[in-house]
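Chemist: Give me a 3D structure for the following:
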Amino acid sequence: MKNSNLKVYEYSGCSTCRKALGFLKKQGIAYESFPIRETPPSIAELKKAKQIIGDIRKLFNVSGKDYREGNWKEKLTKISEEEALKALSKNGNLIKRPFVISDKTVLVGFKEEEWKNI
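Modeler: Purely as a prediction, here's the structure:
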């Protein structure tokens with residue numbers, strides 16, 4: 001993970017994001033930070049994440065207000081993957097954060113042990 005291509009989509013009000021950024025700084029890993037609400041990942045980045053993670057539902061912030069109020073649990077059973085990717089690319093609040101992507105990997109959420117392994 002030690003490359004300058006590391007992009008971290010995060011929300012400053014998110015304690016998990018702050019922990020993740022602290023972890024990266026402590027490890028001396030260079031990254032570029034993007035506010036996920038204002039600048040969500042692109043459809044191409046989300047497609048890459050889905051390929052690596054396997055299940056598009058794992059990209060969704062299921063505990064978020066936008067997810068609950070938008071009834072996304074039910075919507076995801078009825079819409080195409082393309083429609084789900086488009087929704088994620090337009091609303092960063094729907095994405096589980098932090099969302100980290102580089103040439104080599106994708107990480108969604110922060111689990112320190114998982115991040116150490118990568």
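Chemist: Correct me if wrong: residue 42 contacts residue 90.
Modeler: No: Residue 42 is beyond contact range of residue 90, at 10.8 Å (criterion: CB atoms under 8 Å). In short, each C-beta sits where N, CA and C put it, glycine included.
Chemist: Would you mind telling me which of these two has the busier surroundings?
Modeler: residue 42 (13 against 10; other CB atoms under 10 Å).
Chemist: Next, the nearest residue to that one once chain neighbours are set aside: secondary structure please.
Modeler: Nearest non-adjacent residue to residue 42, counting by CB to CB, 6 or more residues apart in numbering: residue 89, 6.2 Å away. Secondary structure, DSSP: H, G, I helix; E, B strand; the rest coil: residue 89 is helix.
Chemist: For residue 89, the count of nearby residues, please.
Modeler: Residue 89, neighbours per other CB under 10 Å, totals 18.
Chemist: which residues does it contact?
Modeler: 40, 41, 42, 43, 46 (CB atoms under 8 Å, 6 or more residues apart in numbering).
Chemist: ok, of those, which one's closest to residue 73?
Modeler: residue 46 (18.7 Å; CB to CB).
Chemist: what is the rounded mean pLDDT of the helix or strand hosting the closest one?
Modeler: Residue 46 belongs to helix 43-53 when assigned by DSSP states H and E. What helix 43-53 shows for mean pLDDT is 96.
Chemist: Which positions in whichever helix or strand comes after it come out as buried?
Modeler: Going down the chain from helix 43-53, the next helix or strand is helix 65-69, by DSSP H and E. Using 16 or more other CB atoms under 10 Å as the burial criterion, the residues of helix 65-69 that qualify are 66, 67.
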